[in-house]
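# this one's structure only:
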């Protein structure tokens, strides 16, 4: 167990939480994913505010359990989880580093912001293949391995891949 006195700052708690991988995309942490919205500590108690990527995201219960376990294992006796739906989670909260990790893992990260005109107008997206970088791709299904991803295929290397939807 770490020295509790050193662990109660917001920054140190976030460092602990950044060790928790996303249950569906283990290459990025739940902090990098942007679901951790706020952290407040008071002595041996801590409150964590989370926002699901989707309102029905099946991974949220696992994330909550992982947060509680991690913090209790590091000396926090009371851990409260608050779920916040507004503002809704957006892929805009993914860091460039997290997007690069997704790309190396074989998932095409969103290449636009939710405020970009192509997103707002609904024009077809130019999604680059995470394997060969070709922009000649097509959507196969609106939903991929999870609800937050769509299934695409590269027209050049012919490989299927997930695209992390811009939401």
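Received it, and whenever you're ready, just let me know what you need. Note that the coordinates shown come from a computational prediction; the quantities given were computed from them, not determined experimentally.

# and residue 46, what's its pLDDT?
In the predicted model, residue 46 carries a pLDDT score of 96.

# torsion angles phi and psi at it?
phi -140, psi 140 (degrees, to the nearest 10).

# can you pull out the helices in the chain?
4-7, 10-17, 30-33, 60-73, 96-105, 117-121 (DSSP state H).

# for those, which one sits closest to residue 80?
helix 60-73 (9.1 Å; Cβ to Cβ). To be clear about C-beta, it is placed using only N, CA and C from the backbone, and glycine gets the same treatment.

# now do the nearest residue to residue 35 once chain neighbours are set aside, the pLDDT please.
Using Cβ to Cβ, 6 or more residues apart in numbering and skipping residues adjacent in sequence, the residue nearest residue 35 is residue 50, 5.1 Å away. For residue 50, the pLDDT comes out at 96.

# residue 50 is in contact with residue 33, isn't it?
No. In this structure, residue 50 is not within contact of residue 33 by Cβ atoms under 8 Å, at 10.1 Å.

# more neighbours, those two?
Ranked by neighbour count (other Cβ atoms under 10 Å), residue 50 and residue 33 place residue 33 first, with 26 against 20.

# pull out the buried positions in stretch 126-146.
127-130, 137, 144, 146 (16 or more other Cβ atoms under 10 Å).

# gap between it and the chain center?
19 Å (Cα atoms, centre = their mean, to the nearest Å).

# residues contacting that stretch, please?
24, 59, 102-108, 111, 124, 149-157, 159-163 (Cβ atoms under 8 Å, 6 or more residues apart in numbering).

# highest mean neighbour count out of the helices of the chain?
Of those, the one with the most neighbours on average (mean count of other Cβ atoms under 10 Å) is helix 30-33, at a mean of 23.

# appreciated, that's everything.
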